[in-house]
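K.L.:
got a structure for you, letters missing:
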């Protein structure tokens, strides 16, 4: 019985080793090869961002869940190369947008 179990295990391992290996390609290569985009740092005020980077291409209204303190208002500003997210009046995150590809 042990020899049959060992044979089955050996066959299963041989099949697993012979399967082709695949992996997802992350976008890190394109980000690392792209020119650096300066984005606002965390904590800057809306006024400081506007003074340093100019007016955004698009401003989205604040989104909140009716004044719940656990869900503060979040505002998004889009610039040509990045988006800035504010909690109340302070930057919480900036995101560089990847170029459009066909």
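P.N.:
The structure has been received and is ready for your questions. Treat the numbers as computed from the prediction; the structure is a model and nothing was measured.
K.L.:
how close does the nearest residue in space to residue 77 that is not next to it in sequence get to residue 7?
P.N.:
Of all residues not flanking residue 77 in the chain, residue 56 sits nearest, at 3.8 Å (CB to CB, 6 or more residues apart in numbering). Backbone N, C-alpha and C define where each C-beta goes, glycine included. Distance of residue 56 to residue 7, given as CB to CB, to the nearest Å: 67 Å.
K.L.:
ok, the two, which is more surrounded?
P.N.:
More crowded of residue 56 and residue 7, by other CB atoms under 10 Å: residue 56, with 18 against 10.
K.L.:
Would you check that the more buried one makes contact with residue 81?
P.N.:
No - here residue 56 does not reach residue 81: they are 11.5 Å apart, not a contact under CB atoms under 8 Å.
K.L.:
By mean pLDDT, flag the weakest helix or strand of this protein.
P.N.:
helix 28-33 (a mean of 52; mean pLDDT, DSSP states H and E).
K.L.:
next SSE after it?
P.N.:
Using DSSP states H and E, the next helix or strand after helix 28-33 towards the C-terminus is helix 46-53.
K.L.:
Report the distance from that following helix to the chain centre.
P.N.:
Counting by CA atoms, centre = their mean, to the nearest Å, helix 46-53 is centred 23 Å from the centre of its parent chain.
K.L.:
Give me the packing partners of the very next helix or strand once past it, helices and strands only.
P.N.:
Once the chain leaves helix 46-53, the next helix or strand it forms, by DSSP H and E, is strand 58-59. Using 3 or more CB pairs under 8 Å, 6 or more residues apart in numbering; DSSP states H and E, the elements in contact with strand 58-59 are strand 74-78.
K.L.:
next helix or strand past the strand it packs on?
P.N.:
strand 82-87.
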